[in-house]
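J.: next comes the sequence, and after it the predicted model I'd like to discuss.
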Amino acid sequence: MSSLQLASSCYCSNNIKPKHYSSTISLKRINCAINVPKAASSTRKLVDQGLHKFKETTPPLFDNNKNDNIIKILHDNEDSMTRNTKIIHELYAVLEAVSDRIEMHNNMKEQRDNWNTLLLNSINMITLTASTMAGVAATTTGHGSSFALELSSALLFSAATGMLLVMNKIQPSQLAEEQRNATRLFKQLHSQIQTTIIALKGGEEGDEVVKGAIEKVLALDKAYPLPLLGGAMLEKFPSKFEPARWWPSPNYNLLKNGKVQLDNNNNGWNMELEREMREVVEVVKRKDKEEYERLGNLALKMNKGLAISGPLLTGIAALGCVAAFLGGDNNNNGAMVGVVGGAMAAVVNAIENGGQVGMVFEMYRNCGGFFQVLEEEVEATLEENDLDKRENGELFEMNMALKLGRSVSQLRQLASLLPATHIDEFASKLF
């Protein structure tokens, strides 16, 4: 302002006093030259103060520590993506092997189902034909014709006995059911691996997933073998009923850190949900597992009895026909034994292999394994003290309800049945 006032006074003086023009102008110019630096210095002082304050209050644009952290995070992400890429490629290799096994087990299932149908029809046709020939021989008066019929029926009964021994040893209906279960479980594993690959592509970490997938494949191979020779085939007539096992042993957390205090924010888990899961498992043990163990033992005993009775009856019928052949015209009792034995053998064979008792036994064995893996899954989850490593509690409860064929509310209702001493309701509504 002082500079402007001086400039205006210079202009006015110039207009009023033209005689002193040069001296006035020089004086005012000197005054202006003196006053302008004072204003500039004050302005510069304000600017310097503002810059100093800005430096004090504003963080540095390039902090070395923060830059190091950012670079470390980027390197970690790059290493994680590289590691995940390798894991994904390995999982794709396992996935290809699983797909191949699905195709193999499906083909074997169809083949062994055809075995059961063809052997059943062939043995029954042979048995009934031999019985018919033995009956005709008993009513034939001619010496040569009766001998021929008796000898033919004896040969047919002997062939039926050998075929029944082989058929009852391998149990084609049970073999076909094994391959059906293997196909279903390999398809389930196939879907799980695909879901894991999608999660890894989304950035999830999974260092142990390849090893776990391979262990599941090998456990399924052991539970449902393809070959029949070399001792690989499962025992069709074990001493006692045992559930099938197609999963690797779970790795329980052996470090007991005491009871975990849970609340509603701990990955969906709380004390009430833990109690509910334990009570559901208890119902499975006390009701479903016991019932299927009883039915499995009953099917096993029935299958053993029928497997022995069929070849025994055809063998007796063959011996009767041989006795009739050696006894001559007057010995028709042997032929009658052949007729009755052959008819009973056809009935027994139809019940055992037509009714697929071996398949029923394998079905009960598979159901027992289902309840066993359900029990171990819940126990392994509850044994894990780190709640972040558990599956989300609400999701786990929903999966458990779906596996048992129930809604979540029905599952909670099932858990409320305890601590009753007698439970009428089964845990599973699927099996």
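T.: Everything's here; your move. Numbers count the residues shown, from 1 in each chain.
J.: would you tell me which helix is longest in this structure?
T.: Ranked by residue count, the top helix of the chain under DSSP state H comes out as helix 64-139.
J.: quick check: mean pLDDT across the helix or strand following it?
T.: For helix 64-139, the following helix or strand on the C-terminal side (DSSP states H and E) is helix 143-170. Mean pLDDT, helix 143-170: 88.
J.: check which helices and strands helix 143-170 sits against.
T.: Other helices and strands packing on helix 143-170, by 3 or more CB pairs under 8 Å, 6 or more residues apart in numbering; DSSP states H and E, are helix 64-139, helix 290-327, helix 333-349. For every residue, glycine as well, the C-beta is placed using N, CA and C.
J.: could you redo the last one with a cut-off of 10 Å?
T.: helix 64-139, helix 290-327, helix 333-349, helix 357-383 (3 or more CB pairs under 10 Å, 6 or more residues apart in numbering; DSSP states H and E).
J.: what are the buried residues along that helix?
T.: 146-147, 149-161, 163-164, 167-168, 170 (16 or more other CB atoms under 10 Å).
J.: equivalent analysis for stretch 320-327, please.
T.: Result for stretch 320-327 [16+ other CB under 10 Å]: buried residues 320-325.
J.: got JSON lines for those residues, with pLDDT and distance to G296 too?
T.: As requested, the buried residues of stretch 320-327 are exported to JSON lines (pLDDT from 0 to 100; distance: CB to CB, whole Å):
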{"residue": "G320", "pLDDT": "90", "distance to G296": "36"}
{"residue": "C321", "pLDDT": "88", "distance to G296": "38"}
{"residue": "V322", "pLDDT": "88", "distance to G296": "40"}
{"residue": "A323", "pLDDT": "86", "distance to G296": "41"}
{"residue": "A324", "pLDDT": "82", "distance to G296": "43"}
{"residue": "F325", "pLDDT": "79", "distance to G296": "44"}
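J.: out of these, who's nearest P419?
T.: Checking the buried residues of stretch 320-327 against P419 with CB to CB, the nearest one is G320 at 61.9 Å.
J.: pretty sure that closest one contacts A154?
T.: Yes. In this structure, G320 is within contact of A154 by CB atoms under 10 Å, at 8.4 Å.
J.: identify the contacts common to the two.
T.: Applying CB atoms under 10 Å, 6 or more residues apart in numbering, one finds that G320 and A154 are jointly contacted by 134, 334, 338.
J.: do you know how far the last one is from V357?
T.: Between G338 and V357 the distance, using CB to CB, to the nearest Å, works out to 26 Å.
J.: who's more crowded, these two?
T.: Counted by other CB atoms under 10 Å, G338 and V357 do not tie: G338 has more neighbours, with 33 against 22.
J.: tell me the contacts of the nearest residue to that one once chain neighbours are set aside?
T.: Closest residue to G338 apart from its sequence neighbours, by CB to CB, 6 or more residues apart in numbering: A134 at 3.6 Å. Shown in contact with A134 (CB under 10 Å, 6+ apart): 149-150, 152-154, 156-157, 317-318, 320-321, 324, 332, 334-343.
J.: redo that, cut-off 8 Å
T.: 149-150, 153, 317, 320-321, 324, 335-336, 338-339, 342 (CB atoms under 8 Å, 6 or more residues apart in numbering).
J.: and what of R390?
T.: R390 neighbours (CB under 8 Å, 6+ apart): 267, 269, 381, 384, 396.
J.: the residue lying closest to it once chain neighbours are set aside and N84: what is the separation?
T.: Excluding its sequence neighbours, the residue lying closest to R390 (CB to CB, 6+ apart) is E384, at 5.2 Å. Per CB to CB, E384 is found 24 Å from N84.
J.: that older thread, the helices and strands packed on helix 143-170: which one's closest to A401?
T.: Here helix 357-383 is closest among the helices and strands packed on helix 143-170 (CB to CB), at 11.7 Å.
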